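Mind folding the following:
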Amino acid sequence: MGVERSNASRRGRAVLVLVAAALLLSGCGPGYLDAGKKVPATDENREIYNVLVAYHRAIEDRDVEALRKLISKRYYENGGTTDTDKDDYGIDKLGADVLPKLRENVKRVQFRIKLLHIEVDGENAVAQYEYFGRALLTEGGRESYKMWNDFAQMKLLREDGAWKIAEGL
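Okay, here's the model as predicted:
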């Protein structure tokens with residue numbers, strides 16, 4: 001009787017271990033990177049997502065050097081206009097004019113990104129997101145808060161083995 005109870009106890013533990021393992025493994029799929037469960041947590045998507053997270057952190061910290069490390073040498077911005085190129089700029093103007101304003105004119109930033117979609121095509125990728133932000137700005141000695149909520153997309157290029165922001169800061 002003791003042997004039968006011992007074997008039954010072992011079988012019971014084995015079944016529990018198998019059930020626990022099955023539950024654990026079923027929850028260990030790729031998962032998702034977004035709350036809407038539309039962006040699978042593949043290795044490539046996670047790399048791009050990590051660039052967005054680093055971008056978010058650098059903006060909130062007003063860390064220009066961290067931003068520079070995330071930006072492609074081929075960065076190009078069209079200023080949101082297609083009918084003129086007067087507001088377009090590349091990496092040189094970004095480094096000389098735009099990024100220093102983050103450090104000089106922005107006193108505090110609260111910034112949140114809601115990931116919507118990531119699409120990868122070889123060495124190119126696009127990340128679409130909604131962003132919410134609030135910043136304390138100084139201009140001409142006066143301080144004011146600016147709040148915004150908008151949709152954006154960031155284009156990325158694989159450069160020297162890492163994803164870099166090519167457009168859409």
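
Could you use CA atoms for every contact and neighbour count after this?
OK.

so where's this structure shaky on pLDDT?
Across the chain, the ranges flagged by pLDDT under 70 are 1-30, 79-90, 92-96.

Helices of that one, start to end?
Secondary structure of the chain, counting by DSSP state H: helices at 2-26, 43-61, 64-70, 91-93, 99-105.

Just give the nearest non-adjacent residue to F132, would you?
Computed as Cα to Cα, 6 or more residues apart in numbering, the closest residue to F132 that is not its neighbour in sequence is N149, at 4.4 Å.

wait, what's in contact with the one you found?
Counting by Cα atoms under 8 Å, 6 or more residues apart in numbering, N149 makes contact with 130-133.

tell me the centre residue of the chain?
Taking Cα atoms, centre = their mean, the centroid of the chain lies closest to L52, which sits 2.1 Å from it.

and the closest residue to I118 other than its chain neighbours, what does it touch?
Once its chain neighbours are removed from consideration, I118 has its nearest residue in A127; the separation is 4.5 Å (Cα to Cα, 6+ apart). With Cα under 8 Å, 6+ apart as the criterion, the residues that contact A127 are 48, 115-119, 153-156.

any idea how far E139 is from the nearest residue to I91 once chain neighbours are set aside?
Distance criterion Cα to Cα, 6+ apart; nearest residue to I91, sequence neighbours excluded, is Y75 at 5.2 Å. Between Y75 and E139 the distance is 27 Å, computed by Cα to Cα, to the nearest Å.
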